[in-house]
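Participant: compute the structure for the input listed below.
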Amino acid sequence: MRTNFHTHTQRCLHAFGDEEDYVIEAVKRNVEQLGFSDHAPFPDKDFGLRMQFAELGDYLDTIGRLNEKYSNIQLFKGLEIEYHPVYDDYYRQLFDVYKLDYLILGEHMYTMPDGDIKNIYFAQSTKDYLDYAKGICDGIKTGLFNIIAHPDLMFMNKFAWDDNCKRASEMIIESAEKYNIVLEFNANGYRRGKVIYPDGERYQYPDVRFWNMVRDTNIRVIIGSDCHEPHQVFDEKVEFAYKTASSLGLNVIETIF
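Facilitator: Residues are numbered from 1 along each chain as shown. The predicted model follows:
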């Protein structure tokens, strides 16, 4: 079965195409299940590069209409969002009030113990990875999320692998295994190409060192396109991600439904 549950639209201000553009492309590529997971707004704060809160209703209504229009593909209503403990009630409302099908934890910004919010794209050292990993683990513990997007995103920073990298990976993997949550093997990292790091050339993510640790568990892994353009719904990078995940011996699943 061909599926993708990590799909963005032009609403997030850094992707292209509307919801129907992605559905049309998915049908062309024989995708049977397509989940929309645009970057979610917060009700009282604009963190940037995400849809506006005023658009949320139309976004979900549009997916519903398209699900009725296209009988040859299943569409699901989702969002990708960071975990901040002060918004626990909001995450629940997304399911209870907005009738979301699933929620992806896509940690870019994370809350520090003192309440300060940091962005993993601007890590100062690998020590920041420990706080980042704790943020993901705190989100996992809530049971509010169905998938953890790009759990190895932190390794895009230009630091060599060290004990902090290993420990942060262990924290995420142990929590995912304990709470039986799906980890995403993100194909978008392959679109970014390889980069030279202090310890060699590699993709920013997926990082095989992280995924070799996942291989020794029973954690379910799903391939996510993380598409920001319609033609990326199920492109050659997604195919490459499937092949790589298989070669690593990961427990790859096709769907969360």
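
Participant: now the helices: where do they sit in the stretch 151-257 of the chain?
Facilitator: Using DSSP state H, counting those that start in this stretch, the helices of the stretch 151-257 of the chain run over 163-178, 188-191, 208-215, 236-247.

Participant: among these, show me which one is buried the most.
Facilitator: Ranked by mean neighbour count, these are led by helix 188-191 with a mean of 21 (mean count of other CB atoms under 10 Å). From N, CA and C alone the C-beta is placed, and that goes for glycine too.

Participant: that one packs against which elements?
Facilitator: When contacts are defined as 3 or more CB pairs under 8 Å, 6 or more residues apart in numbering; DSSP states H and E, helix 188-191 packs onto helix 236-247.

Participant: the helix it packs on vs helix 208-215, what angle?
Facilitator: With axes from the mean of the first three to the mean of the last three CA atoms, to 10 degrees applied, the angle from helix 236-247 to helix 208-215 works out at 50 degrees.

Participant: return the distance of helix 236-247 from the chain's centre.
Facilitator: Relative to its parent chain, helix 236-247 has a centroid offset of 17 Å by CA atoms, centre = their mean, to the nearest Å.

Participant: and stretch 33-45, by the same measure?
Facilitator: Distance, centroid of stretch 33-45 to centroid of chain: 11 Å (CA atoms, centre = their mean).

Participant: poorly predicted segments of the protein, please.
Facilitator: Across the chain, nothing is flagged by pLDDT under 70.

Participant: nearest spatial neighbour of the most centrally placed residue in it, skipping sequence neighbours?
Facilitator: Geometric centre of the chain, nearest residue: residue 149, 2.4 Å, by CA atoms, centre = their mean. Nearest residue to residue 149, sequence neighbours excluded (CB to CB, 6 or more residues apart in numbering): residue 106, at 3.9 Å.

Participant: now do the phi/psi pair for that neighbour.
Facilitator: Main-chain dihedrals, residue 106, degrees, to the nearest 10: phi -110, psi 90.

Participant: quick one, what contacts it?
Facilitator: Counting by CB atoms under 8 Å, 6 or more residues apart in numbering, residue 106 touches 37, 39, 80, 81, 82, 149, 150.

Participant: residue 19 contacts residue 67, doesn't it?
Facilitator: No: between residue 19 and residue 67 there is no contact under CB atoms under 8 Å: 10.2 Å.

Participant: which of those two has more neighbours?
Facilitator: Neighbours per residue, other CB atoms under 10 Å: of residue 19 and residue 67, the larger number sits with residue 19, 21 against 16.
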